[in-house]
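**Q** sequence first, then the predicted structure:
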Amino acid sequence: MSLPHTPLERVTSIKRKLIILIGVAVGATIAVFYVGVKLGAWPGIAGALGGVVALAAVWFLARGLTRPVREMAHAANLITRGDFDVRVSAESRRDEIGALARAFNRMAVELGETDRLRRDLVANVSHELRTPITALQVHLENLVDGVESADPETLQTMLDQTIRLGRLVEQLLDLSRLEAGVVPLDIRSFDVETMLQGAVRESRLVRPGGAIAVRVDPTGLQGVGDAERLHQVIANLVENALRYSPTQSAVEVRATKTHEAVVLEVLDEGPGIAPGDAERVFERFYRSDAARSSEMGGAGLGLAIARWVVDLHGGSIRAEARDPQGCRIVVELPTAIGAA
Ligand SMILES: Nc1ncnc2c1ncn2[C@@H]1O[C@H](COP(=O)(O)OP(=O)(O)OP(=O)(O)O)[C@@H](O)[C@H]1O
Ligand SMILES: [Mg+2]
């Protein structure tokens, strides 16, 4: 929707508009007074007539001058009540009001997006928490009713659900700390191979699988960053590689160096990530259809956390397909993070 045309809409600043209005008012008063006196009217009458003409001229010229401000006040009230779809129409104005309207509309878009993310987050978190809690409740009810006995298998299932809950809560805390920026990175120089070996050992514990080769070229390669956090990223990537590829297939972790970055890669021979999902897998709670239907995945937070950590290092992370099949996750870490 656009505003109706107003007489001063081509003037590009409010200050100039005011100068024009005052100039017209004074000019009109003087002109009418002068002509009135010349024609023999009483000076008092001529002055009053000049004032009326000036007021009429100013009223005509100032039409629509404050309408956008009223419209913005109304829109701000709607936003306060949670209606983020509202927009103001003075965007095309050339003066400061137009700039304010454009900023206002951008703010409304941002607020709407933040609100949508918040709702999604609450919905996703509730959903992810409900699944293990329901499973635990069913088993506990059965135990209390004597329908099920406390055999090791039942207890193991309950333990698995409790572990899943604990992990989810830990991931959520981690993500919120990272997003809030309350965990500063401990940036130091570190030995890449030691970090990778540690991460591989850890992921093996979580899910024992086939062979995992670690190749670092050149040997003794040094990286710069928070080794603890990067360890967590690589452990997550290796865990994914083990989880989403057949048990006996090979998983490889590589580290190389370019002119400005250390490049870490985790490769597997599984079905890989569809090109359309390559960006989305880094979103919170996103899981591909295959992972969702097979129930083999977690909550879909691992890669979101990985991206945050890598971004904080000023690096990048991406998912690529391998030929003929498999997934390859590439992390590039700048070697001059100290300055970042
Ligand atoms: N190596 C891989 N091969 C195929 N698909 C993968 C691979 N790594 C990740 N994905 C897909 O990306 C999705 C998101 O991965 P992410 O690590 O963020 O979550 P998750 O493994 O499902 O759960 P979490 O890591 O939180 O326990 C996975 O659900 C899976 O669909
Ligand atoms: Mg994962």
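**A** Perfect, thanks for sending it. Ligands and ions are numbered 1, 2, ... in the order given.
**Q** so Val86: helix, strand or coil?
**A** The three-state label given to Val86 by DSSP: H, G, I helix; E, B strand; the rest coil is coil.
**Q** and the pLDDT for it?
**A** At Val86 the predicted local distance difference test score is 93.
**Q** isn't it right next to Ala108, touching?
**A** Yes: shown here, Val86 and Ala108 form a contact pair, counting by C-beta atoms under 8 Å, at 6.3 Å. C-beta here means a position set from N, CA and C on the backbone, and glycine is covered the same way.
**Q** neighbour count: those two, which is higher?
**A** Counted by other C-beta atoms under 10 Å, Val86 and Ala108 do not tie: Ala108 has more neighbours, with 20 against 17.
**Q** so who does that one touch?
**A** 75, 79, 84-87 (C-beta atoms under 8 Å, 6 or more residues apart in numbering).
**Q** run a quick neighbour tally on the closest residue to ligand 1 within the chain.
**A** Using C-beta to the nearest ligand atom, the point where the chain gets nearest to ligand 1 is Gly298, with a distance of 1.9 Å. Using other C-beta under 10 Å, Gly298 has 17 other residues around it.
**Q** quick one: it from Gly276, how far?
**A** 21 Å (C-beta to C-beta, to the nearest Å).
**Q** quick check on the residue of the chain most remote from its centre: phi, psi?
**A** Farthest-out residue of the chain from its mean C-alpha position, per C-alpha atoms, centre = their mean: Gly40, at 74.0 Å. With angles defined as degrees, to the nearest 10, Gly40 shows backbone torsions of phi 90, psi 10.
**Q** kindly report the same for Thr256.
**A** Per-residue torsions, Thr256: phi -140, psi 180 (degrees, to the nearest 10).
**Q** so it is in contact with Asp217, correct?
**A** Yes: using C-beta under 8 Å, Thr256 is in contact with Asp217, at 5.4 Å.
**Q** neighbour count: the two, which is higher?
**A** When neighbours are counted by other C-beta under 10 Å, Thr256 comes out ahead of the other of Thr256 and Asp217, with 15 against 9.
**Q** pLDDT score for the more buried one?
**A** Listed pLDDT for Thr256 reads 97.
**Q** what's across from it in the sheet?
**A** Beta bridges link Thr256 to Val263 when assigned by DSSP bridges.
**Q** what about it, distance to Leu221?
**A** According to C-beta to C-beta, Thr256 and Leu221 sit 8 Å apart.
**Q** and for these two, which residues touch both?
**A** Val262.
**Q** list the contacts of Ile20.
**A** 8, 11, 61.
**Q** and for Ala261, the neighbour number?
**A** Using other C-beta under 10 Å, Ala261 has 18 neighbouring residues.
**Q** before we move on, what about the one 3 residues further on?
**A** A count of nearby residues for Leu264, using other C-beta under 10 Å, gives 27.
**Q** that older thread, could I get the contacts of Ile20 as TSV with secondary structure and distance to Ala241?
**A** Written out in TSV, the entries for those read as follows (DSSP: H, G, I helix; E, B strand; the rest coil; distance: C-beta to C-beta, whole Å):
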residue	secondary structure	distance to Ala241
Leu8	coil	65
Val11	coil	63
Leu61	helix	71
